[in-house]
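Asks: model the following, please.
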Amino acid sequence: MDQESAASMSSTSLLETLIAFPSVSLKPNVGLIHKVQEILAEAGIESTLAPDPQDASRTNLFATVGPQGVPGVLLSGHTDVVPVDGQPWTSPPFEATHKDGRIYGRGAADMKGFVACAVVAMVAAVRRPLKRPLQLALSFDEEIGCVGVRHLLRRLENDLPAPYLCIVGEPTLMRIGTGHKGKSAYRAVCCGQAGHSGLAPRFINAVHMASDLVASMREVQRELSETGPREEGYGVPYSTVHVGVIHGGRALNIVPSECELSFEIRHVSQDQPEEILARVLQRLVDRVAADAVHPEAPLPDIQLTNSYPSLSTPEDSPAVGLLGSLLPSGTRCTKVDFGSEGGLFKQSWRETPVLICGPGSIEVAHKADEYVELSQIEACDRMMAGLVDFLCQ
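Replies: Numbers count the residues shown, from 1 in each chain. Now for the predicted structure:
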């Protein structure tokens, strides 16, 4: 691909190319990244990689166009997608299929559509007299807890001026996302004593301890829903505690000696997950102390396995005004019910406003026959063109 070909490339054609890379989380994405590098290089844009230190086949990419040492606008997107195994797709998931004004394929909405638009915008910007830089950050393993981008942020924090604005292109139907909840994921291991079930009361039952832990979580969840901080705009406007996986016991006639469960706390910006977890554990301590049979039962070993911070950008901020000026009149703000890398960007650069805005709907993400409307890609292209115009002012 030469410079002229790169300049004439459309977001739609690039999206078709990106979908063809099966960049499932925890699997290599380097082929996709090298393709983007090639396109950028043909346009005269240098880029750098920040791979996983243990596996160079999974890597981030960073590129910038325009003046150096000046705060710019950073476009953030993840290149990994969720698996397709077991889903009833009616078209090849890693082959772009056009039908009824849509492009079908894994990642079409979440979020290779935005990535395609961002790369095309970078190529267009290189020919413009930018007063501020346009920057691109592509990550890996976002879908499993915003894992990959952390390697990139550790590099950029010291080398890059705090961006003027960061736009995370998760699918919002091109509405302006101003916030998302933070999330902390945990693994709890409950230990008991193996024994014959005919003598069950003599032994500490690990499943019973796990049940008490779940009951304590439900008590705290009820309190959070009734009296906890509320942040309107979310589908559930308060913090939540959710148990997703539980394993315990080996046979019906054996008192279980171990039970493991995985749970998460998704919190609004006014709550802290550590404080919510402390409340859960205090309820559990009270339950165990009240147990007349085994008050000496050991408490679960609870380990934090992953976390990312919440994001909350005021709707009356200049950043929202700027992004709104690049979108159709009346475009509304929203809060998203999923996590993103936005909270981590905000954590790295406290003064940088972070917004979420991208083509497609989260309603079709992670499902069979995921798609993005062509009209959404076109809307994103128009926003990008307006952004480049702004950067020239």
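Asks: now do the closest residue to Gln376 other than its chain neighbours, the pLDDT please.
Replies: Spatial nearest neighbour of Gln376, chain neighbours left out: Pro359 (3.6 Å); criterion: C-beta to C-beta, 6 or more residues apart in numbering. Heads up, the C-betas are built off the backbone N, CA and C, glycines and all. Note on Pro359: pLDDT of 98.
Asks: and if you look at Met1?
Replies: For Met1, pLDDT reads 56.
Asks: for the most centrally placed residue in the chain, which residues are in contact?
Replies: Residue closest to the average C-alpha location in the chain (C-alpha atoms, centre = their mean): Ser340, at 3.0 Å. Each residue near Ser340 by C-beta atoms under 8 Å, 6 or more residues apart in numbering is listed here: 142, 146, 168, 170, 180, 311, 356.
Asks: which of these tops the neighbour count?
Replies: Val168 (30 neighbours; other C-beta atoms under 10 Å).
Asks: out of the contacts of Ser340, the closest to Leu224 would be?
Replies: Checking those against Leu224 by C-beta to C-beta gives His180 as the nearest, at 17.3 Å.
Asks: follow-up on the earlier one: can you name the two of the contacts of Ser340 that are farthest apart?
Replies: It's Glu142 and Leu311 that sit farthest apart of the contacts of Ser340, by C-beta to C-beta, at 14.1 Å.
Asks: which parts of the strand or helix carrying Val214 are buried?
Replies: Element membership for Val214, per DSSP states H and E: helix 206-227. The neighbour-count check on helix 206-227 (16 or more other C-beta atoms under 10 Å) flags 206-214, 216-217, 219-221, 224 as buried.
Asks: assign the nearest residue to Ala109 once chain neighbours are set aside to helix, strand or coil.
Replies: Spatial nearest neighbour of Ala109, excluding adjacent residues (C-beta to C-beta, 6+ apart): Gly360 at 3.0 Å. Taking DSSP: H, G, I helix; E, B strand; the rest coil as the rule, one finds Gly360 in the coil state.
Asks: how much space between Gly360 and Ile276?
Replies: Distance, Gly360 to Ile276, using C-beta to C-beta, to the nearest Å: 32 Å.
Asks: who has more neighbours, the two?
Replies: For Gly360 versus Ile276, neighbours defined as other C-beta under 10 Å are more numerous around Gly360 (30 against 23).
Asks: I'd say the more buried one and Gly107 touch.
Replies: No. Contact criterion C-beta atoms under 8 Å: Gly360 and Gly107 do not qualify, at 9.8 Å.
Asks: phi and psi next, for Asp100.
Replies: Here is the backbone geometry of Asp100 (degrees, to the nearest 10): phi 50, psi 40.
Asks: equivalent analysis for Ser139, please.
Replies: Taking degrees, to the nearest 10 as the convention, Ser139 sits at phi -120, psi 170.
Asks: contact partners for it?
Replies: By C-beta under 8 Å, 6+ apart, Ser139 lies in contact with 60, 76-80, 146, 148-149, 152, 341.
Asks: ok, for it, nearest residue in space, not its chain neighbours?
Replies: Distances taken as C-beta to C-beta, 6+ apart put Val149 closest to Ser139, at 3.9 Å, once the chain neighbours are dropped.
Asks: ditto for Asp80
Replies: Leaving aside its sequence neighbours, Asp80 sits nearest to Ser25 (C-beta to C-beta, 6+ apart; 4.4 Å).
Asks: next one: the one you found from Glu95, what distance?
Replies: In terms of C-beta to C-beta, Ser25 sits 20 Å off from Glu95.
Asks: neighbour count winner among the two?
Replies: Higher neighbour count among Ser25 and Glu95: Ser25, with 20 against 12, using other C-beta under 10 Å.
Asks: coming back round to it: could I get the contacting residues of the residue nearest to Ala109?
Replies: Residues near Gly360 by C-beta under 8 Å, 6+ apart: 108-111, 113-114, 171, 173, 371-373, 376.
Asks: can I see the domain layout of this structure?
Replies: What automatic domain parsing lists as the domains of the chain is 3-180+310-391, 182-308.
Asks: hey, which of these is tucked in deepest?
Replies: Of all the domains of the chain, domain 3-180+310-391 has the most neighbours on average by mean count of other C-beta atoms under 10 Å, namely a mean of 20.
Asks: now do it: distance to the chain's middle.
Replies: Distance of domain 3-180+310-391 from the chain centroid (C-alpha atoms, centre = their mean, to the nearest Å) equals 12 Å.
Asks: now the helices for the stretch 1-150 of the chain?
Replies: Per DSSP state H, counting those that start in this stretch, the stretch 1-150 of the chain carries helices over the ranges 3-8, 11-19, 30-42, 113-125, 149-159.
Asks: coming back round to it: so which of the contacts of Ser139 are in strands?
Replies: Secondary structure from DSSP state E places 60, 76-78 of the contacts of Ser139 in strands.
Asks: pick the one among those residues closest to Gly324.
Replies: Nearest to Gly324 among the ones in strands among the contacts of Ser139 is Ser76, at 19.0 Å by C-beta to C-beta.
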